[in-house]
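J.: Give the three-dimensional model of this entry:
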Amino acid sequence: MRTDPVFQMNLTWVFTLVAFSTVACHALYDCPRPKCETCLPADIYDAPGVGFDLTPSYGTSAVHYYNGTVVEVVQIHGKPEYLELMTRLAKGGKPILMEDQGILQKSYFKLFSLLDSFLGLPFSARTGWCWLNEKLERPLKSDDINIISEMLWNLKLATEKQIRQDLNRVAITTPDIPTLSPEMINTALQELDLQTWTGDCSWYPRRLIEADAVYAASGYGLCKSYHDLWECDDEFYLAGSPVILFVSFTRHLLYTSITIPNNGESLMRFAYDEIKDLNFELGLDQILEADNPDILWARLREQITTFSQSSEFRITGFLLAGESTTNPLFQDNLKDALAGLSGLHIEPKIAPFALMGSVHGEKSMDLTFAAARGAALYARRRQEVQCDCSELGECELSRQKERSGGQVKLDL
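T.: Numbering: from 1, shown residues only. Down below sits the predicted model:
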């Protein structure tokens, strides 16, 4: 093997170029994927897409069915420990991971799962553990993972009742809080034997943020050819990137962010809030219970106006979400805040109040569930595509035969 410095340097540059080309290929969707050797079965392809939204105040669930019907399932209000956790994480506090809780607690999921599987008992690992703790008159350990897991568990139960089948995979959207990491969410999901549609494939998003999910749920940035990533890239190529002011208002906080969907496409790999601000002192409950609510309403208007003016980009759109957005006092103050933005330009198709309770002005949408609907839409689409390959045209014919009771599966 040659060892002269010039050769070694040239070899290093070659490997560097190859590595860079590989990364660029994945980032820009420029390399063709191989054809799939098998087809997705109809029971997976047609399954309901389920989305959860974990806000700092509550959790919501929505289901997107194969025929396009969307059902807003449930809203679960966060317990005090959930609100405390989200407040701490939003302020940059580190999550508290699982503690060593002894042999019994380490094995309880396996124990009750076995009972459920082999004896057919009508309870699962978590309900069994809650029952046991109640009988022993001792509370569950309230570490951060358990707090999130409990919220997910309640959403799972309500959703399974809605779809009348076991739930094994979901898409979850969250605020863009770095300490509320995908690893933290996935650990909580593993306790419930749930898998995720985010972070499972390098070609698709590692996480879904609320602003992007609401953008998609409102009907914007949706690729028509989502079965093929490269066709999506071509569809939105040089379309221009909107700069969206996102405001989420709940009983417990005001969340504002600026998000910029790449070329206007939603539900992509690279989506995050450019800037954000969470204020747990400006929730609807705090304002209405204050001795002088007008002072807090003024602070709310100031936060929206000042935050928007701090963006280095010119805002071209506006989106709303949250359980308290329909409050008339909030709507009046929001209009005043937007009126104070001298440089704000609102695109007609993303008009600020056209989105309050509508999807492109066609169908009513409760903005409490907006992000969960976007997550459910993402799950529904992901169920129709395989991660590392592209299906052949014969696959849909195979699924049609499955649906009619004919051929079960096509191996290519």
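
J.: Identify all contacting residues around stretch 194-202.
T.: By C-beta atoms under 8 Å, 6 or more residues apart in numbering, the residues outside stretch 194-202 that reach it are 26, 152, 156, 167-172, 182, 185-186, 189, 204-208, 378-379, 382-383, 387-388. (Each C-beta comes from the backbone N, C-alpha and C, glycine too.)

J.: list the buried ones in that stretch?
T.: L194, T196, W197, T198, G199 (16 or more other C-beta atoms under 10 Å).

J.: Could you do stretch 145-152 as well?
T.: I145, N146, I147, I148, S149, E150, M151, L152.

J.: And the residue nearest the centre of the chain, how far from I185?
T.: Closest to where the C-alpha atoms of the chain average out (C-alpha atoms, centre = their mean) is T173, at 1.8 Å. Remark: distance between T173 and I185 (C-beta to C-beta, to the nearest Å) = 10 Å.

J.: And the strands in the chain?
T.: Ranges of strands within the chain are 49-54, 58-64, 70-77, 169-174, 195-196, 208-209, 244-249, 254-259, 273-279, 317-321, based on DSSP state E.

J.: What mean pLDDT does the third one get?
T.: Within the predicted structure, the mean pLDDT of strand 70-77 is 95.

J.: Repeat that for the first one.
T.: For strand 49-54, the per-residue pLDDT values average out at 96.

J.: Could you list the residues in contact with it?
T.: 59-65, 148, 151-152, 155, 159, 163, 167, 169-174, 180, 185, 210, 213, 369, 371-383.

J.: one more time with 7 Å
T.: Contact with strand 49-54 is made by 59-64, 151-152, 155, 159, 167, 170-174, 210, 371-380, 383, as judged by C-beta atoms under 7 Å, 6 or more residues apart in numbering.

J.: quick one: low-confidence ranges for the stretch 251-400 of the chain?
T.: 340-364 (pLDDT under 70).

J.: Which parts of it are helices?
T.: 284-289, 293-309, 328-339, 370-382, 394-403 (DSSP state H, counting those that start in this stretch).

J.: Could you dump those into CSV with distance to F236 and mean neighbour count added?
T.: Shown next, in CSV, are the helices of the stretch 251-400 of the chain (distance: least, C-beta to C-beta, whole Å; neighbours: other C-beta atoms under 10 Å):
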stretch, distance to F236, mean neighbour count
helix 284-289, 37, 17
helix 293-309, 25, 17
helix 328-339, 27, 16
helix 370-382, 15, 29
helix 394-403, 24, 16
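
J.: Can you tell me which of these is nearest to G240?
T.: helix 293-309 (19.8 Å; C-beta to C-beta).

J.: And L11, what's its pLDDT?
T.: We note a pLDDT of 48 for L11 in this prediction.

J.: what does the one 5 residues further on give?
T.: As summarised for this prediction, T16 has a pLDDT of 53.

J.: Just give the nearest non-adjacent residue to Y220, would you?
T.: S266 (6.4 Å; C-beta to C-beta, 6 or more residues apart in numbering).

J.: which sections of the stretch 101-250 of the chain are below the confidence cut-off?
T.: Under the criterion of pLDDT under 70, the regions of the stretch 101-250 of the chain flagged as low confidence span 101-142.

J.: Helices along that one, start to end?
T.: Here the stretch 101-250 of the chain has its helices, by DSSP H, counting those that start in this stretch, at 102-119, 125-135, 144-163, 182-191, 210-217, 229-235.

J.: Pull out the buried residues from the fourth one.
T.: By neighbour count with 16+ other C-beta under 10 Å, helix 182-191 contains the buried residues P182, M184, I185, N186, T187, A188, L189, E191.

J.: can I get those residues in TSV with distance to E231?
T.: Converted to TSV, the buried residues of helix 182-191 look like this (distance: C-beta to C-beta, whole Å):
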residue	distance to E231
P182	27
M184	34
I185	30
N186	30
T187	35
A188	35
L189	31
E191	38
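
J.: Can you tell me which of these lies closest to H77?
T.: Closest approach between the buried residues of helix 182-191 and H77, by C-beta to C-beta: A188, at 18.0 Å.

J.: what about the closest one, distance to E81?
T.: Separation of A188 from E81 (C-beta to C-beta) stands at 14 Å.
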